[in-house]
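Colleague: Provide a 3D model corresponding to the input given below.
(chains A and B)
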Number of protein chains: 2
Amino acid sequence: MDAKTSDRVKVKRHPERGYYDRQTIDPILDEALVCHVSFIKGGEPRVLPTIHVRIDDAIYLHGAPAADMLAAIGRADPIAVCVTLVDGLVLARSVYSHSLNYRSVVVYGHGEEVAERDEKMEVLRRLVEHVAPGRSQEARMPNEAEIRSTRVVRVRIEEASAKVRSGPPKDDDADLDLPVWAGVLPFVPSWGPPVPDDLLLPGVPLSPSLSPEGPFAGARP
Amino acid sequence: MDAKTSDRVKVKRHPERGYYDRQTIDPILDEALVCHVSFIKGGEPRVLPTIHVRIDDAIYLHGAPAADMLAAIGRADPIAVCVTLVDGLVLARSVYSHSLNYRSVVVYGHGEEVAERDEKMEVLRRLVEHVAPGRSQEARMPNEAEIRSTRVVRVRIEEASAKVRSGPPKDDDADLDLPVWAGVLPFVPSWGPPVPDDLLLPGVPLSPSLSPEGPFAGARP
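Modeller: Below you'll find the model as predicted:
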C-alpha cells in the first residue's frame, strides 16, 4: 500500500528527489537505527531521537511510561517522524552546487497505545531485532515487571514521502571548465571490534550475532 | 554562556545523562553534519533534516526561499532542533538493559531572517566549512544571484540540553551471572575514497581538503 501524498509530504524543493511508494520508503525506515520524533506540547514543537521498528503500516516506539513523547503518541496527537541516512558529500566546482547524497523519510500519522501484553512483547522483540539482529535469541528476554514498566506505542503511517539524492555533482555548464576537483566523498558506516564488558564472566564467548559474518554488517545509525 | 534550562529541556528519563552546559552542548552541535528541525504548520508538527552550522549562540540554516521550514523560522515561530550522534550499541545480558551509546542535543529557540548580504555570505561560508572544511577556499564562492536565491535564517539557542550515554552495559546484579556476552559494539563513521566526477577536467588534482591528512577526518554525519 502506498502512503497518502497530500501537500504535507510533497517534496517541493527538487521534486525529482521525491518518492511516495512504500517500496522506496520502507527500506529507508528499516535501515535507519534512529528516528527523530516531533510532537506538540504546550503549543510548541518538540523533537527527540529514539529507536524504532517498522512493522507493516506502523512505526513502533518504546520507552518510559512517563515520557512526554510517548504520552503524546498514546493520546493520538498528530506526530511526525523523520529518518535520515547520509550516503556521501557531493563536492562540486561551485559552492552553490555542493550537496549531500542522502535518503530521508518523513512519516505523518496519529499514535496509539499498544497495551496488550503479548503484542507489547512481540514489538519489543522486533525492536531488539531491528537494532541488534539476533540478540533476542541471545540475551534474557523481558520479564513481566520489565514489560509492565515499558510503554509501547505505534504511529500509523498515514502519509509518508522519501527524498533521495544520489550520484555526482550537478554543476552549471558554465562551471564545468573550472579547474576544481569535483566528485563524491562516500560516507562509510561500520561497526568496530566488540569491546567486552569488564564484568563479563570468564569463558563467555562472543555471541554468534556479533561474529564477522553476523547480521550486524547491514545495520547502521 | 549556558543555555536556560526550563522543564522543556530537562532530561527526565536517566537524569544522570543530562547536561546543560555549552561546553558539552556546542561540540555535539558542531560534530553533527545533519540536524532535524521541528516546527508547526497548520497546527501539526513537522520535522525535516537539513545541514546547519552553529555560530556563537545561534544555529544557522539555509535553503530555498519558498521552503515552509525556513518561512516558519523567518517569521519567528518557536523552533526545536535536534542532533544525534550514535557512538555504539550497548549489548547487555538482558534485552531490557540494551541501549545505545549516543550524544544528542535539543535546542529550543525562535528564528529570525538573516537578510543582510555580507552576513548571508559569511554564514554560507561557515556552512560550507562546517560540512566540507577547506572547501570554501577551493570551490567557486556564490555569486550575487546565488546569494539572492538562498534564504538564510538563524535559530537563537534560547534553551538547550544534551543527553549523553557512554560506557559499558549496566545489567541488574541478578543478571551478571548469565553466560551471555555483554559489551559495546562501537560505531565507526568514516569517509571512503573520493569518487571523481566523470566530467572532471583532465589533470585536475584532488583538492588539498580531501587528502588523507585533510580536515575531513573529524567530521561525520
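Colleague: tell me the contacts of the residue of chain A most remote from its centre?
Modeller: In terms of distance from the mean C-alpha position of chain A, residue A:177 ranks first, at 39.7 Å (Cα atoms, centre = their mean). Contacts here follow Cβ atoms under 8 Å, 6 or more residues apart in numbering or on different chains; on that basis residue A:177 touches residue B:201. Heads up, the C-betas are built off the backbone N, CA and C, glycines and all.
Colleague: in which helix or strand would I find it?
Modeller: If you go by DSSP states H and E, residue A:177 is not part of any helix or strand.
Colleague: look up the pLDDT of the residue sitting nearest the centre point of chain A for me, please.
Modeller: The centre of chain A sits closest to residue A:32, judged by Cα atoms, centre = their mean, with a distance of 3.4 Å. What the model reports as pLDDT for residue A:32 is 95.
Colleague: what about the residue nearest to it when sequence neighbours are not counted, neighbour count?
Modeller: Nearest residue to residue A:32 in three dimensions, chain neighbours excluded: residue A:83, at 3.7 Å (Cβ to Cβ, 6 or more residues apart in numbering or on different chains). Residue crowding around residue A:83 was assessed by other Cβ atoms under 10 Å in any protein chain shown; the count is 25.
Colleague: buried stuff in stretch A:47-57?
Modeller: A:47, A:48, A:49, A:50, A:51, A:52, A:53, A:54 (16 or more other Cβ atoms under 10 Å in any protein chain shown).
Colleague: thought the third one was touching residue B:82?
Modeller: Yes - under the contact definition of Cβ atoms under 8 Å, residue A:49 touches residue B:82, with a separation of 6.1 Å.
Colleague: identify the contacts common to the two.
Modeller: Shared contacts of residue A:49 and residue B:82, counting by Cβ under 8 Å, 6+ apart, come down to A:36, B:36, B:104.
Colleague: only the buried subset of these, as a ChimeraX command please.
Modeller: The following ChimeraX line selects those of the shared contacts of residue A:49 and residue B:82 that are buried, judged by 16+ other Cβ under 10 Å:
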select /A:36 /B:36,104
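Colleague: want to throw the shared contacts of residue A:49 and residue B:82 into a markdown table with secondary structure, distance to residue A:153 and pLDDT?
Modeller: Putting those into a markdown table (DSSP: H, G, I helix; E, B strand; the rest coil; distance: Cβ to Cβ, whole Å; pLDDT from 0 to 100) gives the following:
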| residue | secondary structure | distance to residue A:153 | pLDDT |
| --- | --- | --- | --- |
| A:36 | strand | 16 | 98 |
| B:36 | strand | 19 | 98 |
| B:104 | strand | 20 | 97 |
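Colleague: closest to residue B:24 among the shared contacts of residue A:49 and residue B:82?
Modeller: Sorting the shared contacts of residue A:49 and residue B:82 by distance to residue B:24 puts residue B:104 at the head of the list, at 11.2 Å, by Cβ to Cβ.
Colleague: can you give me the pLDDT of the nearest residue to the closest one once chain neighbours are set aside?
Modeller: Using Cβ to Cβ, 6+ apart and skipping residues adjacent in sequence, the residue nearest residue B:104 is residue B:84, 4.3 Å away. The predicted local confidence for residue B:84 comes out at a pLDDT of 97.
Colleague: next one: the strand or helix carrying residue B:84 to chain centre, how far?
Modeller: Secondary structure assigned from DSSP H and E places residue B:84 in strand B:78-91. Relative to its parent chain, strand B:78-91 has a centroid offset of 9 Å by Cα atoms, centre = their mean, to the nearest Å.
Colleague: again, but for stretch A:194-202
Modeller: 29 Å.
Colleague: at contact distance from chain B, anything in it?
Modeller: Yes - on the criterion Cβ under 8 Å from any Cβ of the partner chain, stretch A:194-202 is in touch with chain B at A:194, A:195, A:196, A:197, A:198, A:199, A:200, A:201.
Colleague: buried stuff in stretch A:12-32?
Modeller: Going by neighbour count (16+ other Cβ under 10 Å), the buried part of stretch A:12-32 is A:17, A:18, A:19, A:20, A:22, A:24, A:25, A:26, A:28, A:29, A:31, A:32.
Colleague: circling back: got the angle for the strand holding residue B:84 vs strand A:78-91?
Modeller: With axes from the mean of the first three to the mean of the last three Cα atoms, to 10 degrees as the criterion, the two stretches strand B:78-91 and strand A:78-91 enclose an angle of 80 degrees.
Colleague: what helices or strands is strand B:78-91 leaning on?
Modeller: Applying 3 or more Cβ pairs under 8 Å, 6 or more residues apart in numbering or on different chains; DSSP states H and E, one finds that strand B:78-91 makes contact with strand A:34-41, strand A:44-51, helix B:22-31, strand B:34-41, strand B:99-113, strand B:183-191.
Colleague: now that strand against strand A:183-191, angle please.
Modeller: Going by the same axes, to 10 degrees, strand B:78-91 makes 50 degrees with strand A:183-191.
Colleague: parallel or antiparallel, list what pairs with strand B:78-91.
Modeller: Using DSSP bridges, the strands paired with strand B:78-91 in its sheet are strand B:34-41 (antiparallel), strand B:99-113 (antiparallel), strand B:183-191 (antiparallel).
Colleague: which of the residues in it are buried?
Modeller: Neighbour-count burial for strand B:78-91 flags B:78-91 (criterion: 16+ other Cβ under 10 Å).
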